[in-house]
Structures are given as structure tokens and as C-alpha cells.
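J.: Prediction below, plus the sequence it came from.
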Amino acid sequence: MRYYHLFFILPTFILTAVAAVPEFGVASIGHQRLPRNFDHGLRAILSPHASISHNVSSAPRWSEYHAPRPGAVVNVATEHDVQAVVQFCLKHNVPFLAQTGGHGWIDSFHLGRHGLLINLRGLNRTTFNDQRTEARVQGGAVISEVIAEAYANDAQILTGNCNCVGTMGAALGGGYGNLMGLYGFSVDNILSMEVVLANGSAVTVSANQSTDLWWALRGAGPNFGIITSAVMKAYPMPRAKNVAWTGGLYFTEDKIEQIAQAINDTALRAPMNVFLYYTTAGPPSFTPTVLATTFYFGTEADGRAAFDWLLRIGPYKDTTAELSYDQWNTAANSFCIKGGRKPSYGAGFDEFSPSTWRQIWNAYVDFLKIPGTGYSTVLTECYSLSYAQSIPKSTSSFANRDIRFNGAVIPWYTDPSLDAQAQAFGSKVRDLWRSTDGFANNRTYINFAYGDETNEVVYDTSTPRLQKLKAEYDPRDVFNQWFNIPPA
């Protein structure tokens, strides 16, 4: 997700797959306090560079709305540390949750002072094979770190579009990204995974090893284990060619219907994507505006030609530029501001309805009249899906290959007394999208969902098989906070 706030990025994006991005693994067993001598017992099994903190702010969350409040944070330093912590927690009946970027915005986290957070950020290495066709990405690496290593090695890796989001967290939900028109979803680019399971064992999972678990992890991973590292496809790319034309086109609100209709009617080519935002000019006026962000893997001349249908509508401001691969996500850095309250709602839809977008604009402008809400935004991501949809849906539990557009509304504020109004606004926008979504049943990308959706909404037809596999791999329902899948 690319996220533009005018006041953060002028003169020049929110996560793909952003995303709002899930945790790698969560657990809740009982509700007792942390056991006596907890630190002493845990330190004895950790590697020398691991540490334990009782300061929740040592692993901050992107949103404080329904954020987990652990009694301790373990900063792991090795992949074996993760297994050791899980085994310790299982032995002592301590709930746990694993986190990298902390961008998961679901409202159902229930980890409290009796629980432990496993901070994976120390596992942040990305290494390549000699041919630069594969890369091992550790579970704590954020997107900026993976891109930096890929760029330094004259290669590309499909990641989400927000630098501070955990790479594997975004990928496990499905994983949208700038290059998916060329390479498919993130779940299509994972070759193998090292996983700590609900019984504390560590296993390697691939298309040839534990094939049922392989299917389940790629789309519902946080319900089955903690990914400590994964081997992903990499694509050699000379640095001189590793560029894209990208940036913002700003429009007056009278162009909303034209833009929506044009996006609905345009078949995006493989190197392209476009996002539509409602955002503001920032303080002091917080004037709302319409923003379309373009992406074209290639030169500016080719990009402008490919997006002529949008340029002809007439933006009042153009901040697009030709940027190198390591700079594509820099405009999204406003999404890396942690804290505040962001009870976000999402929906998938197949029709980009001009009238719906007009109604959403009206609701957005009304919400902005409430003091303290000026950072709020509404967005939709639109990608080229031809290649991704050529891969059979049955290859993974990821449910959304058939969805053209993914929308998210993010009320952004700091005053908890605004929660009810923010929830009403977010729910209203989601209902508007659903009213013209073109589907028989509600559908939502799991990384964009609020948390009140049923399993069928986020997992679709994968739900029954996931429930059976949950009974096999996690019969005690250890991993139960991220759109929990009760064992069948």
C-alpha cells in the first residue's frame, strides 16, 4: 500500500499487502500472570545477544487501538531463540505473540500482562544464492531491509510497498506489491519456510515437505506457526534497468466520477498499478483532496504513455518521477509513524462504482469535520492481475486471486473518546463498498480486515480445509488471535 499525506511528502505511500500486516504467530493459553522467576528461567535458554524487556514501548505498535499489552518482550537474536521461547511458554502456560513491524491492525488481539511478545526484529538478514535467483529472508526483516539487499545485489524480490512493514507478515496474508503484475503474489514467490509450530517443534515446509501445511501457511500463516526464515524467489536485474515511474497525481473532487470510471474500465498492464486516495493537505487546514498514485516499472516516457487515460483527466498537481528500486517506497514513510488510534476497515470489490466513490467522499468530508481526525484516509489498490490469476487458486489457502480491488478506510486520531465515531465512519465506508462490490458474498483481504469478519469473508472457500488442518497442526488452538480458525 502506498500512502500519501500531502504534508509528509511534498514536493514529491500504506502497505501492500500492507498493508495492514498480520503478526507471524499468536497464542493464548490461560490467563495467569507471568510465572515467578520468569526472566531467570527464560534467560537461561536464550542466546547471548537475546534480551528481555518489561517495557511495552520497546516493541511499539503502528496503532494503539486494541493493541496487545504484554507483560514482557523477548528480543530474539537467533532463529533457535524463537523455538526456545515457544517451548518455554508452552511449558509454563504463558500466552505469546510474535511481531516484526507491529502493523497488524486487527481489533481482536487479547494478549495482556500475563503474556509475552516475541520481537523478531533481530532476525533481519537477507542473503542470496550465487545466481541471485533465490534469497533467504529472516522472519524479522522489514521491507526496506529486503529491498536494500536486493538492490545491492542487482536483483528484485517481490515485497509489499511500505518500508517498515514486516516482509513475511505481509507475505503470509497473500502479499500484494508493485511488481506482482510480473511475478504474482508473495505466496507465489515463497520456495520454503522454517516454521516453529504450536507444539514447539521446528520444521522445514515446502511444496515437497509437509504439503498440507505448505498450503495453509500461504494465506493463513499466523494461525499455524511462526516463520523464522523463508527462501523466496529473486530476479536478477541490472541496476540501470531497476527503475520505475511513480508518484502522485492530485485532482479536484469534481473529477471523482471520471477517475473511478476510468479505473474500472482500464485493463492494467503487467508493469502497472494505480491507487486512489482521499487524503488531506495536512495542518492547519486539513483540506481534503483526491490523489491517484501511479506506478510503472520502466521509464517515465513509457509510464506516461501507459497512464495517458488518467493524465488526460487533468490533475492539478503532478509529483511523479523516475526512481530507482530502492526509492520506490520512500513516499510511504508517513505510514511508519507509530502510535495513535487507527481502527481500520477493508473490503474487496470487483466494480469501481463512481456513485459509491462519491458517497464515500461525502462521508469522508463529514468525518474530517471532527477535530483531531485530519490524518484519516481512504484508499484503494488496483493491480495488474493477469499473471497472478493464471496461477490456480488451489495452490495456496490465499483466497483473493479473483478480487480486482482492495479498499481500506483508516480513521486516524489520538483521542479515545472518538472511537465510536471512527468506528461508525469506517463501518459506513465498508458498507458502501460492499453495496456495489459485484460479489455474491462479502470478501475482504485478510491484511486489510478490521477483525469482526467471519472466516468465510477472509478465507472464503479455503475455510473448511483450514479448519481440518488446524485440528492436525494446532489442536489446542495455540495460535488464536489473528482471525482464529477453530479446529474442526
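T.: Everything's here; your move.
J.: When you work out contacts or count neighbours from here on, use the C-alpha atoms and nothing else.
T.: OK.
J.: Make sure A244 is actually in contact with Y325.
T.: Yes. Assessed by C-alpha atoms under 8 Å, A244 is found in contact with Y325 at 7.1 Å.
J.: Any idea what A347 is bridged to?
T.: Beta-bridge pairing of A347 under DSSP bridges involves G407.
J.: residues contacting the residue nearest to A198 when sequence neighbours are not counted?
T.: Spatially, and ignoring its direct neighbours in sequence, A198 is nearest to D474 (5.6 Å; C-alpha to C-alpha, 6 or more residues apart in numbering). Listed by C-alpha atoms under 8 Å, 6 or more residues apart in numbering, the contact set of D474 reads L197, A198, N199, F224, P487.
J.: How about Q359?
T.: Applying C-alpha under 8 Å, 6+ apart, the residues near Q359 are L432.
J.: now do 6 Å
T.: Going by C-alpha atoms under 6 Å, 6 or more residues apart in numbering, Q359 touches no other residue.
J.: which phi and psi does it have?
T.: The main-chain torsion angles of Q359 are listed as degrees, to the nearest 10 and equal phi -60, psi -40.
J.: which SS state does V290 fall under?
T.: Following DSSP: H, G, I helix; E, B strand; the rest coil, we place V290 in the strand state.
J.: which residues does it contact?
T.: Taking C-alpha under 6 Å, 6+ apart, we find V290 in contact with Y250, F251, Y277, Y278.
J.: Which strand residues bridge it?
T.: Assessed by DSSP bridges, V290 has beta-bridge partners F251, Y278.
J.: hey, which helix or strand in the protein has the poorest pLDDT?
T.: helix 6-9 (a mean of 36; mean pLDDT, DSSP states H and E).
J.: if we can go back for a sec, between A244 and Y325, point out the one with more neighbours.
T.: Higher neighbour count among A244 and Y325: A244, with 25 against 21, using other C-alpha atoms under 10 Å.
J.: got any ranges where this structure has weak pLDDT?
T.: 1-33 (pLDDT under 70).
J.: quick one, domains of it?
T.: Residue ranges for the domains of the chain, per automatic domain parsing: 6-122, 126-236, 243-448.
J.: need those domains in CSV with distance to T461, can you?
T.: Listed next are the domains of the chain as CSV, based on distance: least, C-alpha to C-alpha, whole Å:
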stretch, distance to T461
domain 6-122, 20
domain 126-236, 12
domain 243-448, 7
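J.: Could you single out the most deeply buried of those domains?
T.: Comparing these by mean neighbour count (mean count of other C-alpha atoms under 10 Å), domain 126-236 ranks first with a mean of 23.
J.: Span of that one from start to end?
T.: 15 Å (C-alpha to C-alpha, to the nearest Å).
J.: ditto for stretch 168-177
T.: The first and last residues of stretch 168-177 sit 13 Å apart, counting by C-alpha to C-alpha.
J.: Kindly provide the distance from F185 to Y151.
T.: F185 is 20 Å from Y151, where distance means C-alpha to C-alpha.
J.: what does D302 give?
T.: 22 Å.
J.: quick one: the residue nearest to A198 and L311, what's the gap?
T.: As judged by C-alpha to C-alpha, D474 and L311 stand 51 Å apart.
J.: What of N406?
T.: From N406 to L311 the distance is 22 Å (C-alpha to C-alpha).
J.: try G426
T.: 30 Å.
J.: just T252 next, same as before
T.: Per C-alpha to C-alpha, T252 is found 13 Å from L311.
J.: Show me how far the helix or strand hosting A363 is from its chain's centre.
T.: Using DSSP states H and E, A363 maps to helix 354-367. On the basis of C-alpha atoms, centre = their mean, to the nearest Å, helix 354-367 is displaced by 25 Å from the centre of the chain it belongs to.
J.: Can you name the element that comes right after that helix?
T.: strand 377-383.
J.: Tell me where the stretch 1-150 of the chain has strands.
T.: Applying DSSP state E, counting those that start in this stretch to the stretch 1-150 of the chain gives strands spanning 25-26, 51-53, 72-75, 96-99, 116-119, 126-128, 134-138.
J.: Those strands: which one's closest to D460?
T.: Among the strands of the stretch 1-150 of the chain, strand 25-26 comes nearest to D460, with 20.9 Å by C-alpha to C-alpha.
J.: Need the residues that contact stretch 171-178.
T.: Applying C-alpha under 6 Å, 6+ apart, the contact partners of stretch 171-178 are T16, A17, T159, G160, N161, F185, S186, V187, R218, G219, G221, F398.
J.: Fine, thanks again, bye for now.
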